Structures are given as structure tokens and as C-alpha cells.
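**Student:** Pasted the sequence and its predicted model underneath.
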Amino acid sequence: RSAGDLIRFLLLQGEMVTATQSLSDEMIELYAAELGAEIRMVDAGQEQEAMLAARYLDVDDTEDEHAVVARPPVVTVMGHVDHGKTLLLDRIRNSNVVAGEAGGITQHIGAYQVELDGGQVTFIDTPGHEAFTAMRARGAGVTDIVILVVAADDGVMPQTIEAIDHAKAAGVPIIVALNKIDRADADPNRVLQQLSEYNLVPEKWGGDTIVVEISALQNLGIDDLLEQILVLAEVLELDANPTGHARGTVLEGHLDVGRGPVATILVQSGTLRVGDSMVAGQAWGKAKALVDDRGNKVDIAGPSVPVQVLGFSEVPSAGDQFRVTNEIASAREVAESREQRLRLAANANRAIGSSGIKLEDLFEQIQKGDVPVLNIILKADVQGSLEALADALGKLGRDEVGLAIIHKAVGGVTENDVALAAASDALVIGFNVRPDRRAREAAELAHVEVRTYEIIYKVIEDIEAAVVGMLKPEY
Ligand code: GDP
């Protein structure tokens, strides 16, 4: 349509505009309605970023599409506090350090790699599901296998259950490391029984969960555990293309007094080289140096390899996507357009790329033709109400609409629950419990809906209404 047409139309609506003026969203909507046209509002920054990405990032003539090879598994260790995660990670790491190696034992860059007879394994050395789910909420799934550490004397505890639920929600397979079997009061069978209640049935009982008995303290069973990781990795057929530009995820970043911004990148495909132009989140630069987990300078890093990268314009954040670009100018341009987009989004008070689901949005989803699953995280003050609610809610699912309680536990609504909800498009229900301040803030940022109730039937009523609202009309 010509500018003249538009100006005439708006004039009739009582809006005086000139041909050089920007239109408000309302004016655009008005005009679209007049024309019977469909409008798609696109955020300017996002558009620009997509354009730049198409221009620079995906043009990669060094990539050979047939060059896919097996890659090492990336493993995260989870479990309840004090069950031995840190000691296990240290043991695995130290068992693999050759005496006298440069840098050596104390380098903690966020991940490390061990070399075994049957292959390599990459361990994320921040244990726990918090970092795991925070990354996932940002769209970065880096973990292939979860090692669930359960102390044989203590058994399944609240954070064990959380870890199980977080790993399951991410679809990441679990290997159980039954730790502290050296202790006199260790009772492996009792723990296996408890784990079976969470659908982790050990192989020796006919299930498919790999369980390895270990003692991190006495260095028992750790070789067996590593071997099982390799076996599972083979089954998972993990592969990547080592040719072409590197892509990966930022595992951590910090400002180093001498070296400037330093970030640990887990390369996920392609190969990163010193001198490459790169972008991660809003940071960009030329890779000045690459440092491996032993403190050695290296020239390249391929898939599943964690490296510290020097040369960023600023410190990128954990979970940021990392890309190598064709030229330094494009890295800068992409980073700056991202910054602009974030600013625009912040102005519009919107979070980027999150988030949980809102009850009201469910109907919209089904209209789009999706088969919706209402994921629920349930928190309650006492076990009795928790079970009663879980039971009642479980019965509300229909054929057309799934309902899944992806995590339930006694206790207040925490930041962790919100992260899980954001990563899994879930709704959080608190029964006689409230979110703490940090959880409230996180929920607001991630646009996660947290509903609190004091009466059981009110919960049922609301969820049922949502589920019924979700049902496809029958003709
Ligand atoms: P995390 O909180 O899960 O990281 O647990 P830590 O690795 O910090 O271990 C907690 C405590 O349990 C420490 O005092 C460890 O020495 C001890 N511990 C860890 N593994 C074992 C084990 O296999 N046997 C025994 N007896 N103690 C262990």
C-alpha cells in the first residue's frame, strides 16, 4: 500500500500522521484490520539478529557434512548434599592426572576431560541440578549422562528426588553411583528399593538402571563407574561434526585481573582454533588463547572438549551460546545486535526465550494444533496433602491432553522449582506454601506462573477447568 493510502486511512480514524513518521503498534493493527491482513509483530533486534546469523554464522564452507564422528559423553554429577559428589569428581580427576603435569590438579575451569582405555569422558565439575537446570532454562542442554550419587548409608533424600526429576525432565539418562559402601551402616538394598519407587529399577532386579557401588573415599568401584559411562555413551551413539566453525555453550565466565574476560566453552560441534572470531551472548572477540583443563595452552578444541577462551570483549554468562563467525566484524555486529535486542526486550519488560506455561495460555496452544501436556510442579506443606493432591490431579489427564507432575515435594516453592518450570514449560502449584523472595523474583523474570492454594478442591477445580478448556471441541 502506498503511504498516501495509509495516511488517508489514519486521517479518517482521527490520527494525523506524516509519511516519515513511525507507526504505533495500535495504528498498524488498525490498518491491518481494515485491509483484512494478518500482521506479524517482529522485534527489530530479533529480525536483525536473524539476518546477521543467516549472513555470517551459517555460511560455513569449511564444514564437511560427512565428517560426523563419535564424541565423548558429557557427564554431570548430581545428588543430595554430603553424599559425595565433590569427592567423586576430585577422585576421577586426580586418578587421571599424570604426575608432574603443568598446571595440574588445581585448575578448575568448569569442566574437565579424562582419558580412559575405552575413550574419553567430559565431566562438568559444578555438581548438582541447580546449574544443570539453570542452563537448560536458557536453552542450553549440554549434559548427555547424569551420575546420581546416593550415599548407601543415608539413602534417597529430598535433593536426590529433585535430581531424579530434573534429569528426567531433561530426558537425560541416569547412572546411579551408590557411594559410601565402605561405611558400616551402608545398606545398598534399602537404597535400591527406594530408587525403584522412583522408577530407577536396577539391572540386577530386571530394570534398566545401571547401578555401580563405589566408595569415593576409598577409591573403590570408580573404574567400574567410568566403564559404565563409556558403555552407555556407546548405546547413546553420541556424535558430532568436528569440521567447520565451532559451536558450543559457555559453562562459566569471569574477569581475570591479568587476562581480562575469561570464559570456559564446551565445544559441541566443529573445531575451535586460536585466532577464530567468536561471539557468545553479547560478548565478542578473537580467540587470543585457548587453555585446557590442565592449564596447558592448546591450539584447537574439538567436540566435547572444554577450554578456557581468552579474548572476549566482556564476560559472557553461563548458558550463552557460543559461535565462531567468518570475520571479526560480524562477531561484533551479532553481539551488538543481541545487546540491542536484550535492551529492547528489557524495556518492554519481557524475558527472552523463557518460560513456564500459564494456565490461560493452554487453550491457545491447543488451537495451534499442539497436543498440550500440562506439566506441573507440586509443592505442599505436608506429605499427606502432597500425595492427596498428586493423586487427584493425576486423574485429571485426558487422552487429548496430557497432565504430568514432573516434580513433587514437601516444602516451599524455591528458585530451583522455578528454574525447572522455566526449562520444562511447567506450572508451579504451592499448597499451603509460598514462594520465597528469590523464587518470586525468578518467576517474574522467567514468566513462570506460580499459583498458591489453601484448599484442595480449589486446586482441582482450577486445573480441571484448564484441562477442559484445553480439550479440542468435538464436532
Ligand atoms: P557433596 O556435598 O555431595 O559434594 O559431598 P562431599 O564430596 O563434600 O562429601 C561429603 C562428605 O562425605 C565428606 O566428608 C566426604 O569425605 C565424605 N565421603 C564422600 N564419599 C565418601 C565415601 O565413599 N565413604 C565415606 N565414608 N565418606 C565419604
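**Tutor:** Nice, I can see it.
**Student:** just for the stretch 201-350 of the chain, where's the confidence low?
**Tutor:** Flagging of the stretch 201-350 of the chain using pLDDT under 70 yields the residue ranges 327-330, 338, 340-350.
**Student:** which parts of it sit against the ligand?
**Tutor:** 215-217 (C-beta under 6 Å from any ligand atom). From N, CA and C alone the C-beta is placed, and that goes for glycine too.
**Student:** May I see the ChimeraX selection of the buried members of those residues?
**Tutor:** Burial among these is assessed by 16 or more other C-beta atoms under 10 Å; the matching ChimeraX selection reads:
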select :215,216
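**Student:** how about CSV for the residues of the stretch 201-350 of the chain next to the ligand, with distance to G258 and secondary structure added?
**Tutor:** Formatted as CSV, these follow (distance: C-beta to C-beta, whole Å; DSSP: H, G, I helix; E, B strand; the rest coil):
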residue, distance to G258, secondary structure
S215, 40, strand
A216, 34, coil
L217, 37, coil
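**Student:** Which of the residues of the stretch 201-350 of the chain next to the ligand sits closest to A177?
**Tutor:** A216 (8.3 Å; C-beta to C-beta).
**Student:** That closest one reaches I181, doesn't it?
**Tutor:** No - at 10.0 Å, A216 does not count as touching I181 under the criterion of C-beta atoms under 8 Å.
**Student:** contacts for stretch 175-192?
**Tutor:** Residues outside stretch 175-192 that contact it (C-beta atoms under 8 Å, 6 or more residues apart in numbering) are 77, 79, 83-84, 88, 145-156, 195, 200, 202, 205, 209-218, 220-221, 225, 228-229, 232.
**Student:** go again using 7 Å as the cut-off
**Tutor:** By C-beta atoms under 7 Å, 6 or more residues apart in numbering, the residues outside stretch 175-192 that reach it are 83-84, 88, 145, 147-153, 155-156, 195, 200, 202, 205, 209-218, 220, 225, 228-229, 232.
**Student:** Ok, stretch 451-466 next?
**Tutor:** 359, 362, 374, 385, 388-389, 392-393, 396, 427, 429-432, 434.
**Student:** got the buried residues for it?
**Tutor:** 451, 453, 456, 459-460, 463, 466.
**Student:** Take these and keep only those in strands.
**Tutor:** If you go by DSSP state E, the buried residues of stretch 451-466 have 451, 453 in strands.
**Student:** Of the buried residues of stretch 451-466, just say which sits nearest to L6.
**Tutor:** Using C-beta to C-beta, the buried residues of stretch 451-466 come closest to L6 at A466, 41.0 Å.
**Student:** Weed out the non-buried ones from the contacts of stretch 451-466.
**Tutor:** Here, 16+ other C-beta under 10 Å leaves 359, 362, 374, 385, 389, 393, 396, 427, 429-432 buried among the contacts of stretch 451-466.
**Student:** Dump those into CSV; add distance to the ligand and secondary structure as well.
**Tutor:** Formatted as CSV, these follow (distance: C-beta to the nearest ligand atom, whole Å; DSSP: H, G, I helix; E, B strand; the rest coil):
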residue, distance to the ligand, secondary structure
L359, 37, helix
L362, 38, helix
L374, 33, strand
S385, 30, helix
L389, 30, helix
L393, 32, helix
L396, 37, coil
L427, 30, strand
I429, 29, strand
G430, 27, strand
F431, 29, strand
N432, 30, coil
